[in-house]
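Enquirer: Next input, structure requested:
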Amino acid sequence: MEDLLEVRRALAFPQNIVILSHRNPDGDAIGSCLAWMLYLSGRGHKVNVILPSEYPLNFSWMSRADEIIIFDTHAERAKELVDVASMIFCLDFNALDRIDKMGEWVRLSKATKVMVDHHIDPEPFSDLMISDPSASATCELIFDMISELGHEAFITPDIAECLYTGILTDTGNFAHALSPKLMRKAARLLELGVDNDRLQVLLFKNAPEKQLRLLGYCLYHRMEILPEYLTGYIYLTKEDYAKFSISRGDTEGIVNYLLTLKDVMIAALITDQNGIIKFSFRSKGDISVQSMSREHFNGGGHKNASGGYQHTSLKEAIEKFKLVIPKYADFKPLINSN
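Expert: Sure, this is the predicted structure:
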């Protein structure tokens, strides 16, 4: 990788580095940022991580997560750091609109910009690009970069936990986007100090009571099945958000429950968040929701897990989803219903 060689050359000298990731950061965004921060600061660089918005509380245990600067609440500080940066690493996103107003700052910056991402169709805004859509997660790419730089020995247990977190969350706890090479890397991270049982509790068995009550409400009151298209969806209104005091991360994983149904191949969570309608799509097997998200809902992602948004009413969003889904529902169940 020629671009990785350029990164190696740049990192041979002390750098003032800013690491950025996308709005509404998930485990892969946070894990890749913190792992790369821990690695770079350990090599003598000055490093800051900036995220456009708050991250879910179930990631607050991660090493140095308390040092993350949130643009929404500390915009001036974020601008100062971007302005003086000599290198900017853009992790887990490939279009500048994913970082809101910071996108224009990055575009105008004279710093060396490096994109590290695993989504398709990257925008050509960076000077250097490490992009591989076949990777399960950006954390997998960060692991590859550190290894190819010859520094796997510098992967501490804290770094390994961050990388493993990103891989766990972006694969749905090893449910999709798997490959033999990924599983070998996951095994190596275990050897480097990851306690899988501990992370399973921290990430997936650590929810507050209201999340379980919200899940029950969604399944009983807000779930709809479209049997002719082997599709299910759950929706949440603005009133639902107020009723349950829904905060960032509370709806994580709800959409996956639809896929536990034998005759559901495509699942969607459609939520009204202050006038912006958010979509979270999931699918089984070889069925891709990525193209649907990209072509109709201003989004993208992965074959079995994508997201999108639109500025309409919730009712209009649901109606559009119902109109679009027949175009992508030309398949048969994985399991015969008889």
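
Enquirer: Output the contacting helices and strands for the helix or strand bottoming out on mean pLDDT in the chain.
Expert: Lowest on mean pLDDT, DSSP states H and E among the helices and strands of the chain sits strand 300-301, with a mean of 84. For strand 300-301, the helices and strands in contact under the criterion 3 or more CB pairs under 8 Å, 6 or more residues apart in numbering; DSSP states H and E are helix 290-296, strand 305-310. For glycine as for every other residue, the C-beta is placed from the backbone atoms N, C-alpha and C.

Enquirer: and it, which strands flank it?
Expert: Using DSSP bridges, strand 300-301 pairs in its sheet with strand 305-310 (antiparallel).

Enquirer: And the next helix or strand past the partner strand?
Expert: helix 314-324 (DSSP states H and E).

Enquirer: In that following helix, which of the residues would be classed as buried?
Expert: By 16 or more other CB atoms under 10 Å, the buried positions in helix 314-324 come out as L314, A317, I318, K320, F321.

Enquirer: Pick out whichever of those sits closest to L20.
Expert: Distance from L20 was checked for each of those by CB to CB. The minimum falls on A317, at 28.9 Å.

Enquirer: you'd agree that closest one is up against I270?
Expert: Yes - judged on CB atoms under 8 Å, A317 makes contact with I270 at a distance of 5.7 Å.

Enquirer: so what sits against both of the two?
Expert: Common contacts of A317 and I270, defined by CB atoms under 8 Å, 6 or more residues apart in numbering, comprise I277, F279.

Enquirer: Next up, the contacts around R107.
Expert: For R107, the contacting residues are L96, F125, by CB under 8 Å, 6+ apart.

Enquirer: hmm, 10 Å instead?
Expert: Contacts here follow CB atoms under 10 Å, 6 or more residues apart in numbering; on that basis R107 touches L96, K113, F125.

Enquirer: export those to TSV and tack on distance to G172 and secondary structure?
Expert: Converted to TSV, these look like this (distance: CB to CB, whole Å; DSSP: H, G, I helix; E, B strand; the rest coil):
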residue	distance to G172	secondary structure
L96	28	helix
K113	31	strand
F125	29	coil
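
Enquirer: Mind checking which of the residues you listed are buried?
Expert: A residue is treated as buried here by neighbour count (16+ other CB under 10 Å); on that basis the buried members of the contacts of R107 are L96, K113.

Enquirer: Which single one of the contacts of R107 is nearest to M87?
Expert: K113 (7.8 Å).
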